[in-house]
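Asker: The amino acid sequence is not available; the structure is as follows:
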């Protein structure tokens, strides 16, 4: 287990007054070695803690004079000081397996640690959850947590997670809810595996076994070009419409039984199905905004000025996840560290500061919005409602072509397509080279010109006329095609 290393000390904080410096390694707080930033915050929250630090190879004991609840004012290097609990599932739809090579290491981190679920909002399957973890979550109030359910049928969940412990470990979800822990669930809907009747069974199981869930979001399967699983495929518009209908039917059941909708479909399902987004009241507070549920509707409310509040990420316990809006951040206790678990934030030594970006104003400059394909479809409708005369939306056209399955023909009119059909299928790749000019100069020797009545044609012009043949290629030349090709054929391709 590594010791927390001090990265920054807030000016005027108790840590600075006590003499804690950047680079110190904190070995223990009041005789206990913290295992993660959660325990670190609990220990340093007490009055007058004693820190055992290692500085330059020497171990020192530093007493910090502070009141109980007063922030220490120290930023440490990582969120976990002991070993990360990695995921032992082998889900076919896991986005980690679909990433290209060469990205930063934190993107390939395949964790199943409930602490990262609490700190950063990661989803955990609870397949590595233990009795000791349950005791700590309850005693330290680690709430809310995000749990990946996917299916309530044990056999289906085992198949989806490729782990025989997948089904039985849902007992930990029941235990968390029994102890009053706030849990948000998620179902990644894979076409042909856990949609249709299986999705109906899952929602029925949630109503029967886990009605205390704070919310349940259903999101579509994400597929990248690096996916190698044969059973995984993109969701079609018809399948998306069926999922939306299923969820809206179950929302009526949940409202009649529990008094709330509980389950929601992600915005992407409505985009895929071509359906309008539900009203703002239907999202019941946008509790799963960060998971893509209601994000388009909240953006519309802010865009049209219908709300004074900006929907931001959830602060979490002591505002660790983002370090914004909490009393700890104002006093110098920073958010959860980014090292190893998320992208590094903008370099700014001042807590709560910002990085200024200067752009020269120009009245004639167009306004551009860089977004995703699905985001372009949402923004385009809002921008068009302003009545601007010149609004160009390449993202919406791309969505219509590729995201919704409409692929118009590429360029050309009927005459051009008729010419393509008339000349037959294209030549093989090795025969489509401009042979006359691709070969080395020694291969461009002219063959004897065609004769007229046994006599050579004057100046050999027939050799350069379309349709004339070239000399046989050299078999040792790497650029040579398998056989001689007429120049006209190469130009035609």
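Answerer: In hand now; what should we look at? Because the structure is predicted, anything quoted here is derived from the model rather than measured.
Asker: Not counting sequence-adjacent ones, nearest residue to residue 77?
Answerer: residue 5 (4.3 Å; CB to CB, 6 or more residues apart in numbering). Just so you know, the C-beta spots here come from the backbone N, C-alpha and C atoms, and that holds for glycine as well.
Asker: what's the answer for residue 306, then?
Answerer: Excluding the flanking residues, the one nearest residue 306 by CB to CB, 6+ apart is residue 300, at 8.0 Å.
Asker: Show me what the helix or strand harbouring the one you found is packed up against.
Answerer: Here residue 300, judged by DSSP states H and E, is contained in helix 295-303. Secondary-structure packing of helix 295-303 (3 or more CB pairs under 8 Å, 6 or more residues apart in numbering; DSSP states H and E): helix 267-273, helix 373-384.
Asker: residue contacts, the residue nearest to residue 306?
Answerer: 277, 306, 378, 382 (CB atoms under 8 Å, 6 or more residues apart in numbering).
Asker: now the strands: where do they sit in the stretch 101-250 of the chain?
Answerer: Taking DSSP state E, counting those that start in this stretch as the criterion, the stretch 101-250 of the chain contains strands spanning 123-124, 145-148, 183-189, 215-220.
Asker: What distance do you get for the residue nearest to residue 306 to residue 267?
Answerer: Separation of residue 300 from residue 267 (CB to CB, to the nearest Å) stands at 11 Å.
Asker: list the residues that contact both of these two?
Answerer: Counting by CB under 8 Å, 6+ apart, the common neighbours of residue 300 and residue 267 are 277, 378.
Asker: Identify the farthest-apart pair in the contacts of residue 300.
Answerer: Pairwise distances across the contacts of residue 300 peak at 15.7 Å for 306 and 378 (criterion: CB to CB).
Asker: Looking at those two, which one has more neighbours?
Answerer: Neighbours were counted for residue 306 and for residue 378 using other CB atoms under 10 Å; residue 378 has more, 24 against 9.
Asker: The more buried one - nearest residue in space that isn't next to it in sequence?
Answerer: Nearest non-adjacent residue to residue 378, counting by CB to CB, 6+ apart: residue 296, 4.6 Å away.
Asker: got any ranges where the stretch 251-400 of the chain has weak pLDDT?
Answerer: Per-residue confidence for the stretch 251-400 of the chain (pLDDT under 70) gives these ranges: 312-367, 388-400.
Asker: please redo it, this time with the cut-off set to 50
Answerer: 315-335, 345-352, 399-400 (pLDDT under 50).
Asker: isn't residue 134 right next to residue 172, touching?
Answerer: Yes. Counting by CB atoms under 8 Å, residue 134 touches residue 172, with 6.6 Å between them.
Asker: Which one of the two is surrounded by more residues?
Answerer: Set residue 134 next to residue 172 and count neighbours by other CB under 10 Å: residue 172 wins out with 22 against 18.
Asker: how much space between the more buried one and residue 35?
Answerer: 20 Å.
Asker: again with residue 249
Answerer: Separation of residue 249 from residue 35 (CB to CB): 45 Å.
Asker: what about these two, which has more around it?
Answerer: Legend: neighbour count by other CB under 10 Å for residue 249 and residue 35, higher for residue 35 (16 against 11).
Asker: so who does that one touch?
Answerer: By CB under 8 Å, 6+ apart, the neighbours of residue 35 are 1, 80, 81, 82.
Asker: ditto for residue 69
Answerer: residue 45.
Asker: And residue 15, by the same measure?
Answerer: Counted by CB under 8 Å, 6+ apart, residue 15 has contacts 9, 64, 72, 73, 74.
Asker: beta partners of residue 32?
Answerer: Here residue 32 sits in beta bridges with residue 29, going by DSSP bridges.
Asker: is it true that it touches residue 42?
Answerer: No. Applying CB under 8 Å, one finds residue 32 not in contact with residue 42, separated by 9.6 Å.
Asker: could you pull out the helices for the stretch 151-300 of the chain?
Answerer: In the stretch 151-300 of the chain, the segments counted as helices under DSSP state H, counting those that start in this stretch are 154-161, 170-178, 197-209, 237-258, 267-273, 295-303.
Asker: among the contacts of residue 35, which ones are buried?
Answerer: 80, 81 (16 or more other CB atoms under 10 Å).
Asker: how about the contacts of residue 35 in a markdown table, adding distance to residue 233, secondary structure and pLDDT?
Answerer: Listed next are those as a markdown table, based on distance: CB to CB, whole Å; DSSP: H, G, I helix; E, B strand; the rest coil; pLDDT from 0 to 100:
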| residue | distance to residue 233 | secondary structure | pLDDT |
| --- | --- | --- | --- |
| 1 | 43 | coil | 70 |
| 80 | 36 | strand | 89 |
| 81 | 42 | coil | 90 |
| 82 | 39 | coil | 88 |
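Asker: For the contacts of residue 35, work out which two are farthest apart.
Answerer: Farthest pair in the contacts of residue 35, by CB to CB: 1 and 80, 9.4 Å.
Asker: what about residue 376, distance to residue 369?
Answerer: 8 Å.
Asker: make that residue 50, sorry
Answerer: From residue 50 over to residue 369 (counting by CB to CB), the distance is 53 Å.
Asker: any idea how far residue 158 is from residue 224?
Answerer: Distance from residue 224 to residue 158, counting by CB to CB: 25 Å.
Asker: neighbour count winner among the two?
Answerer: A side-by-side neighbour count of residue 224 and residue 158, using other CB under 10 Å, places residue 158 first with 16 against 10.
Asker: which residues touch that one?
Answerer: 164, 165, 166, 167 are the contacts of residue 158 under CB under 8 Å, 6+ apart.
Asker: Can you give me the neighbour number for the third one?
Answerer: Spelled out, it's residue 166. For residue 166, using other CB under 10 Å, the count is 24.
Asker: Can you check the pLDDT for it?
Answerer: The model reports residue 166 with a pLDDT of 91.
Asker: wait, it sits on residue 87?
Answerer: No. Counting by CB under 8 Å, residue 166 stays clear of residue 87, with 11.6 Å between them.
Asker: Now the common contact residues for the two.
Answerer: In contact with both residue 166 and residue 87: 125, 127, using CB under 8 Å, 6+ apart.
Asker: and the strands of the stretch 101-250 of the chain as CSV, adding mean pLDDT and mean neighbour count?
Answerer: Formatted as CSV, those follow (pLDDT from 0 to 100; neighbours: other CB atoms under 10 Å):
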stretch, mean pLDDT, mean neighbour count
strand 123-124, 93, 20
strand 145-148, 95, 24
strand 183-189, 95, 23
strand 215-220, 95, 24
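Asker: what would the ones you listed look like in CSV with distance to residue 228?
Answerer: What follows is these, written out as CSV (distance: least, CB to CB, whole Å):
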stretch, distance to residue 228
strand 123-124, 22
strand 145-148, 21
strand 183-189, 18
strand 215-220, 19
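Asker: For residue 176, find the nearest of these.
Answerer: It is, among the strands of the stretch 101-250 of the chain and with distance given as CB to CB, strand 183-189, at 5.6 Å.
Asker: Now do that closest one: everything it contacts.
Answerer: Counting by CB under 8 Å, 6+ apart, 93, 123, 144-151, 173, 176-177, 194-195, 199, 202, 206, 210, 212-221, 235, 243, 287-288, 291 sit against strand 183-189.
Asker: in stretch 76-88, what's buried?
Answerer: Neighbour-count burial for stretch 76-88 flags 76, 77, 78, 79, 80, 81, 84, 85, 87 (criterion: 16+ other CB under 10 Å).
Asker: Noted, bye for now.
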